[in-house]
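Student: Turn this into a model:
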Amino acid sequence: MRHGAGPGGPASLAVFGSTNMDLVATVPTAPALGETVTGREFRTVPGGKGANQAVAAARAGSAVHMIGAVGEDEFAARLRATLGEAGVSTDGLRTAPGFHSGTAHITVDGKGANSIIVIPGANGTLKGIGAGDEDRIAHSDALLLQLETPMEGVVAAALAAHARGVRTVLTPAPTQPLPPELLAATDLLVPNEHEAADLSGRADPYEAAVALLDLVPEVVVTLGARGSVYAARGAEPLTVPAFPVRAVDTTAAGDTFVGALCTAYAEGRPMPEAMAWASAASALAVQRPGASSSMPERAEITAYAEQRNPAR
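Tutor: So this is what the prediction gives:
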């Protein structure tokens, strides 16, 4: 990774991805197919995997540029404001004429588990990058990517980063076939254990992480309450435990982890330390409702990590 400010300095990250309004219904038990249940609460929360990672990284201390799209609707202004209030630059967040903003319809049950339906809306227009986007990527230490936007745009952003020596971090969600040119431009792959199994054909996350090294140089597989696994070519794989907490809402846990992980690693921290710090950020996030609204600030992450280091 390019460390623009040197070890310990602030990270500069670009995020190319989705910006959604999350429509969240909280229920005691999620409905089965064909079943109607009565919910406890309804909230609208700015989200989207791209915007979530951008907010998480900004709150973790990075300078972040969001590259994405919103629609011509009542959600657009709030989505822009949420990013801006977190310190994310929205100069690269375009308005898509004639489209509504992306939405995610989320059901959260009494144990904090969730199911999600995403409707892309304006996110579906992100089929490439502009000259301004290339500049934002070129001046970053890393580019964060996900798969809630068209694949051709994701590939274009990854190739732009790769050509400029900017590290590319890919969250392969939702799971889909990954083009060879995207894999060739990906430096770090961060799937959860289900995505890792789909991509590798290995059910065991440790084996999956190692198998994925045939595709990319480094892999971090997130395991929820069981922590995360790191594998890199030429190194022994390792596991970093999670912080034991009672989850209220796991909606943004993975995105919080990625934003904090990339911030820490871009600052020059060793991967095990970066993973532990990211785990602290996720532990804080899952104890609160919402997506972007649940993400912790840098000082809070550091204090929590120091007080509750899972390796001790």
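Student: quick one, what contacts residue 184?
Tutor: By C-beta atoms under 8 Å, 6 or more residues apart in numbering, the residues touching residue 184 are residue 162. For glycine as for every other residue, the C-beta is placed from the backbone atoms N, C-alpha and C.
Student: quick one, phi/psi of it?
Tutor: Here is the backbone geometry of residue 184 (degrees, to the nearest 10): phi -70, psi -20.
Student: shift numbering so it begins at 36
Tutor: Yes, from this point I'll number from 36; that puts the last item at residue 219.
Student: Residue 198 versus that one, what's the distance?
Tutor: Distance, residue 219 to residue 198, using C-beta to C-beta, to the nearest Å: 12 Å.
Student: What count of nearby residues applies to residue 133?
Tutor: Neighbours of residue 133 under the rule other C-beta atoms under 10 Å: 8.
Student: nearest residue to it other than its sequence neighbours?
Tutor: Sequence neighbours aside, residue 107 is the residue nearest to residue 133 in space, at 6.8 Å (criterion: C-beta to C-beta, 6 or more residues apart in numbering).
Student: so residue 337 sits in a helix?
Tutor: Yes. Per DSSP: H, G, I helix; E, B strand; the rest coil, residue 337 lies within a helix segment.
Student: quick one: it from residue 171, how far?
Tutor: Distance of residue 337 to residue 171, given as C-beta to C-beta: 27 Å.
Student: same check, this time on residue 66
Tutor: For residue 66, the distance to residue 171 equals 42 Å [C-beta to C-beta].
Student: what about the two, which has more around it?
Tutor: Applying other C-beta under 10 Å to residue 66 and residue 171 shows that residue 171 carries more neighbours, namely 26 against 15.
Student: I figured that one hits residue 98, correct?
Tutor: No. Judged on C-beta atoms under 8 Å, residue 171 makes no contact with residue 98 at a distance of 10.8 Å.
Student: Just give the nearest non-adjacent residue to residue 174, would you?
Tutor: residue 47 (6.6 Å).
Student: now the strands: where do they sit in the stretch 136-285 of the chain?
Tutor: 137-143, 149-154, 177-180, 202-205, 223-224, 253-257, 263-267, 273-275 (DSSP state E, counting those that start in this stretch).
Student: The third one - what's its average pLDDT?
Tutor: To tie it back to what came earlier, the one meant is strand 177-180. Mean per-residue pLDDT for strand 177-180: 98.
Student: Would you map the helices across the stretch 186-335 of the chain?
Tutor: Secondary structure of the stretch 186-335 of the chain (DSSP state H, counting those that start in this stretch): helices located at 186-198, 215-219, 228-235, 240-246, 288-301, 306-321, 333-342.
Student: Tell me which of these lies nearest to residue 75.
Tutor: Across the helices of the stretch 186-335 of the chain, residue 75 has its closest neighbour in helix 306-321 (18.0 Å, C-beta to C-beta).
Student: Show me what counts as buried in the closest one.
Tutor: Neighbour-count burial for helix 306-321 flags 306, 309-321 (criterion: 16 or more other C-beta atoms under 10 Å).
Student: And it, how far out from the chain middle?
Tutor: Centre-to-centre, helix 306-321 and its host chain are 13 Å apart (C-alpha atoms, centre = their mean, to the nearest Å).
Student: looking only at pLDDT, what's the mean for that helix?
Tutor: Rounded to a whole number, the mean pLDDT of helix 306-321 is 96.
Student: So which elements touch that helix?
Tutor: When contacts are defined as 3 or more C-beta pairs under 8 Å, 6 or more residues apart in numbering; DSSP states H and E, helix 306-321 packs onto strand 253-257, strand 263-267, strand 273-275, helix 288-301, helix 333-342.
Student: okay, these, which one's buried deepest?
Tutor: helix 288-301 (a mean of 29; mean count of other C-beta atoms under 10 Å).
Student: picking that back up, how about the helices and strands packed on helix 306-321 in CSV, adding distance to residue 118 and mean pLDDT?
Tutor: Output for the helices and strands packed on helix 306-321, formatted as CSV (distance: least, C-beta to C-beta, whole Å; pLDDT from 0 to 100):
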stretch, distance to residue 118, mean pLDDT
strand 253-257, 24, 98
strand 263-267, 26, 98
strand 273-275, 29, 96
helix 288-301, 13, 95
helix 333-342, 17, 94
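Student: what about the residue lying closest to residue 127 once chain neighbours are set aside, is that helix, strand or coil?
Tutor: Closest residue to residue 127 apart from its sequence neighbours, by C-beta to C-beta, 6+ apart: residue 102 at 4.0 Å. Secondary structure, three-state DSSP: residue 102 is strand.
Student: No further queries at this time; thank you.
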